[in-house]
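Visitor: please work out how this folds:
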Amino acid sequence: MKIKPVQIAVDGFSSCGKSTLARELAKELGYIYIDSGAMYRAVTLYALKNRVFDNDKLDKPLFLTILKEIKIHFELDKNNNPITFLNNQNVENEIRQIEVSSKVSIISAIPEVRERMVKLQREMSKDKSVVMDGRDIGTIVFPDAMIKFFITADLDVRAKRRFDELAEKTSKANFDEVKSNLAERDLLDQTRLISPLKRAENAILIDNSNLDRKEQLDIAMKHVKNILNEG
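Guide: The predicted model follows:
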């Protein structure tokens with residue numbers, strides 16, 4: 001008897017820890033982890049490298065032309081963490097830079113981008129048990145997912161986490177700039193016309209403002225085990 005694949009959707013705000021939770025859930029359960037946010041960041045990086053922005057203004061016709069050139073895949077490092085590849089080049093560190101963060105909401109709001117990424121995300125997870133994190137996984141990519149989480153945290157907490165992450169990689173990290181960028185992304189993500197960030201009706205809410213990684217994972221795993229046992 002073939003066991004039906006399980007889809008776990010983890011949605012939430014920028015720098016709320018949803019990727020950390022999704023990775024740890026996948027490892028705990030032996031499922032495949034897919035970082036949808038990294039895919040949009042990779043597209044944004046390609047756009048920046050091909051100079052389709054004039055400050056914040058996007059040359060959309062040019063961008064749609066180069067969109068066809070983009071190929072994204074993931075490989076695992078020695079610790080089984082996914083590494084993002086853009087046209088066969090490792091871009092995992094580049095896509096986490098503040099320049100990419102400041103433009104990714106603009107790119108991810110483009111219908112043609114979302115259509116292509118959603119198609120690719122579904123292909124990556126076909127006939128597999130997966131944990132995928134993003135902003136529209138439980139509402140658009142996997143609306144019928146067996147398990148859905150929506151992760152949130154206080155803006156200042158998220159800004160501090162993101163700042164600390166950037167500070168490890170660059171001395172140019174600025175807390176106020178990081179916080180402003182997160183607030184702007186929250187607004188853009190929640191108000192865009194295509195696949196806005198919102199909590200699916202049946203998503204389990206976890207506010208991790210005062211939780212550490214283990215506490216968050218323990219809470220999520222308790223829900224997962226309960227749902228899988230019921231199923």
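
Visitor: hey, let's count contacts and neighbours off CA atoms from now on
Guide: Noted.

Visitor: packing partners for the helix or strand of the chain with the lowest mean pLDDT?
Guide: Ranking every helix and strand in the chain by mean pLDDT, DSSP states H and E puts strand 53-54 at the bottom, with a mean of 84. The criterion is 3 or more Cα pairs under 8 Å, 6 or more residues apart in numbering; DSSP states H and E, and there are no helices or strands that strand 53-54 contacts.

Visitor: relative to it, what are the paired strands and their orientations?
Guide: Applying DSSP bridges, strand 53-54 is found paired with strand 57-58 (antiparallel).

Visitor: off-centre distance for the strand it pairs with?
Guide: In terms of Cα atoms, centre = their mean, to the nearest Å, the centre of strand 57-58 is found 23 Å from the chain centre.

Visitor: strands of the chain, start to end?
Guide: Using DSSP state E, the strands of the chain run over 7-12, 32-35, 53-54, 57-58, 72-76, 82-86, 89-90, 130-134, 147-152, 204-207.

Visitor: let's have the ones you listed in TSV, adding distance to residue 174.
Guide: Below are the strands of the chain laid out as TSV (distance: least, Cα to Cα, whole Å):
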stretch	distance to residue 174
strand 7-12	23
strand 32-35	25
strand 53-54	23
strand 57-58	24
strand 72-76	30
strand 82-86	25
strand 89-90	26
strand 130-134	25
strand 147-152	22
strand 204-207	25
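
Visitor: of these, which is nearest residue 117?
Guide: Using Cα to Cα as the measure, strand 72-76 is the one of the strands of the chain that comes nearest residue 117, at 9.5 Å.

Visitor: so what touches the closest one?
Guide: Identification of contacts with strand 72-76 by Cα atoms under 8 Å, 6 or more residues apart in numbering yields 39, 42, 82, 83, 84, 85, 86, 87, 88.

Visitor: of these, closest to residue 216?
Guide: Proximity of these to residue 216 was ranked by Cα to Cα; the top entry is residue 82 with 20.7 Å.

Visitor: look up how far residue 26 lies from the closest one.
Guide: In this view, residue 82 and residue 26 are 11 Å apart by Cα to Cα, to the nearest Å.

Visitor: shared neighbours of these two, anything?
Guide: Common contact partners of residue 82 and residue 26 (Cα under 8 Å, 6+ apart): residue 33.

Visitor: now the terminal residues of stretch 28-43, how far apart.
Guide: End-to-end distance for stretch 28-43: 30 Å, by Cα to Cα.

Visitor: what's it in contact with?
Guide: Residues outside stretch 28-43 that contact it (Cα under 8 Å, 6+ apart) are 19, 22-23, 25-26, 67, 70, 72, 82, 84-86, 91, 95-96, 100-101, 104, 107-108, 117, 121, 128-134.

Visitor: how confident was the prediction at residue 134?
Guide: On the pLDDT scale, residue 134 is placed at 92.

Visitor: also residue 11?
Guide: 97.

Visitor: how near is the residue lying closest to residue 70 once chain neighbours are set aside to residue 58?
Guide: For residue 70, ignoring the flanking residues on the chain, the nearest one in space by Cα to Cα, 6 or more residues apart in numbering is residue 87 at 6.3 Å. As for residue 87, its distance to residue 58 is 22 Å (criterion: Cα to Cα).

Visitor: the two: which has the busier surroundings?
Guide: Neighbours were counted for residue 87 and for residue 58 using other Cα atoms under 10 Å; residue 58 has more, 17 against 14.

Visitor: show me what the more buried one is bridged to.
Guide: With DSSP bridges applied, residue 58 shows beta-bridge pairing to residue 53.
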